[in-house]
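Asker: A predicted structure for the sequence below; I have some questions about it.
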Amino acid sequence: MDRFAVVRESLFRSLEKEGRFRIEEENFVIYLDGIGSFQIGRAQVILVLIRLGDEVNRDMDGEVVGVMSLSESGKGVKMVIRERLYVAPVRRVKRVLEGKEKKGALFGIKT
């Protein structure tokens, strides 16, 4: 019998807490440690969660700085801000939107 080897490429990614998010009035506000604050409308976050498309993130001056989208699995919210990828669990985002939690953690992806 011939021997064979299974070769599998895997990308090891680790998550590191790099900020938080919360609701302020009608905005979903993202605070990134050492970088600044960014916002997206509460209604736009809901559109992302129900898979109606991606939405634009803006800094506090209104400049476009990135995009928010739902992960392929539907378990995470991906946010690209200034060319860097951050993620948050959908369950936590929903709980913050519903007012059941005050804030949630935002994780940066390290490869």
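Answerer: Received, thanks.

Asker: helices and strands of the protein: which one bottoms out on pLDDT?
Answerer: Every helix and strand in the chain was compared by mean pLDDT, DSSP states H and E; the lowest is strand 55-59, with a mean of 84.

Asker: ok now that strand, how far from the chain's centre?
Answerer: For strand 55-59, the separation from the chain centroid amounts to 12 Å (computed by Cα atoms, centre = their mean, to the nearest Å).

Asker: Counting by contacts, list what it packs against.
Answerer: Packing contacts for strand 55-59, counted by 3 or more Cβ pairs under 8 Å, 6 or more residues apart in numbering; DSSP states H and E, involve strand 36-41, helix 42-49, strand 64-70, strand 76-81. Quick note: C-beta positions are derived from backbone N, CA and C, even for glycine.

Asker: what are the pairing partners of the helix or strand just after the last one, and which direction each?
Answerer: As assigned by DSSP states H and E, the chain's next helix or strand after strand 76-81 is strand 84-89. Taking DSSP bridges as the criterion, strand 84-89 pairs within the sheet with strand 76-81 (antiparallel), strand 103-110 (antiparallel).

Asker: got the contact list for the residue nearest to Ile109 when sequence neighbours are not counted?
Answerer: Of all residues not flanking Ile109 in the chain, Leu85 sits nearest, at 4.9 Å (Cβ to Cβ, 6 or more residues apart in numbering). Neighbour list for Leu85: 78-79, 108-109 [criterion: Cβ atoms under 8 Å, 6 or more residues apart in numbering].

Asker: Buried subset of these as a ChimeraX selection?
Answerer: Burial among these is assessed by 16 or more other Cβ atoms under 10 Å; the matching ChimeraX selection reads:
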select :78,79,108
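
Asker: Closest one to Asn57 out of the contacts of Leu85, please.
Answerer: Minimum distance to Asn57 across the contacts of Leu85 is 6.2 Å, recorded for Met79 (Cβ to Cβ).

Asker: Can you give me every residue that contacts the closest residue to Arg42 other than its chain neighbours?
Answerer: Excluding its sequence neighbours, the residue lying closest to Arg42 (Cβ to Cβ, 6+ apart) is Glu26, at 5.0 Å. Residues near Glu26 by Cβ under 8 Å, 6+ apart: 41-43.

Asker: Cool, thanks, signing off.
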